[in-house]
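K.L.:
Return atomic coordinates for the entry below.
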Amino acid sequence: MTMAILIDANVLYAYTNAKDAHYKESIDLMKKIIGGLYGIPIITDYLFDEIVSVVSRKNTRGKAKILGEYLLTSQFRFVRINTELFKQSWNIFTTHERFSFTDCTNIAVLQTFKIEYIATFDKEFKTVKGIRVINQ
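P.N.:
Numbering: from 1, shown residues only. All right, here's what the predicted structure looks like:
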């Protein structure tokens, strides 16, 4: 198992928005993640797209640019959703009603790279065998 943690978009959004219900939790969680408690912090290109788009739409384009630059230049590792991961994500999507397609890409990445941890406030991930949800 790879010592790493996948960071879901909802954690990053809460981290950028003091009005979010999970803001304080996200601050504490990101300190642990950046400090290396869960290994290498990872995001996918799909998560990057999702978080930058949401922050641009809900906050400002300026905040989205700052967040994007931070993610691109920080210790975060990027995983691109290639053809194999896309196919695996589609298979997961067609068999799990509760998850968005982007969530299914998260599951595919976690399973393919044998990553144990996901930082998310989405409770549905707790139903996936072999994944440990970290949200505090």
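K.L.:
Would you map the helices across this protein?
P.N.:
9-16, 23-34, 45-58, 61-73, 83-95, 101-112 (DSSP state H).
K.L.:
Poorly predicted segments of the chain, please.
P.N.:
1-2 (pLDDT under 70).
K.L.:
which residue packs closest to Phe48, ignoring adjacent ones?
P.N.:
Leu71 (6.2 Å; C-beta to C-beta, 6 or more residues apart in numbering). No exception for glycine: its C-beta is placed from N, CA and C like everyone else's.
K.L.:
got a list of what Ala14 touches?
P.N.:
Asp20, Ala21, His22, Tyr23, Glu25, Ser26, Phe121 (C-beta atoms under 8 Å, 6 or more residues apart in numbering).
K.L.:
out of the helices of the chain, nearest to Gln136?
P.N.:
When those are compared by C-beta to C-beta, helix 23-34 sits nearest Gln136, at 5.6 Å.
K.L.:
From the chain's centroid, how far away is that closest one?
P.N.:
A distance of 13 Å separates the centroid of the chain from that of helix 23-34, by C-alpha atoms, centre = their mean, to the nearest Å.
K.L.:
Most widely separated two among the contacts of Ala14?
P.N.:
So, the contacts of Ala14 by C-beta to C-beta: farthest apart are Tyr23 and Phe121, at 10.9 Å.
K.L.:
who has more neighbours, these two?
P.N.:
Phe121 (19 against 14; other C-beta atoms under 10 Å).
K.L.:
for the more buried one, phi and psi?
P.N.:
phi -100, psi 10 (degrees, to the nearest 10).
K.L.:
ok, it - contacts?
P.N.:
Asp8, Asn10, Val11, Ala14, His22, Glu25, Asn135.
K.L.:
which non-adjacent residue is nearest Val79?
P.N.:
Thr44 (4.8 Å).
K.L.:
Check the gap between the one you found and Ala21 for me.
P.N.:
From Thr44 across to Ala21, the span is 24 Å (C-beta to C-beta, to the nearest Å).
K.L.:
and what of Asn82?
P.N.:
Taken as C-beta to C-beta, the span from Asn82 to Ala21 is 35 Å.
K.L.:
now do Lys65
P.N.:
Counting by C-beta to C-beta - Lys65 and Ala21 are separated by 25 Å.
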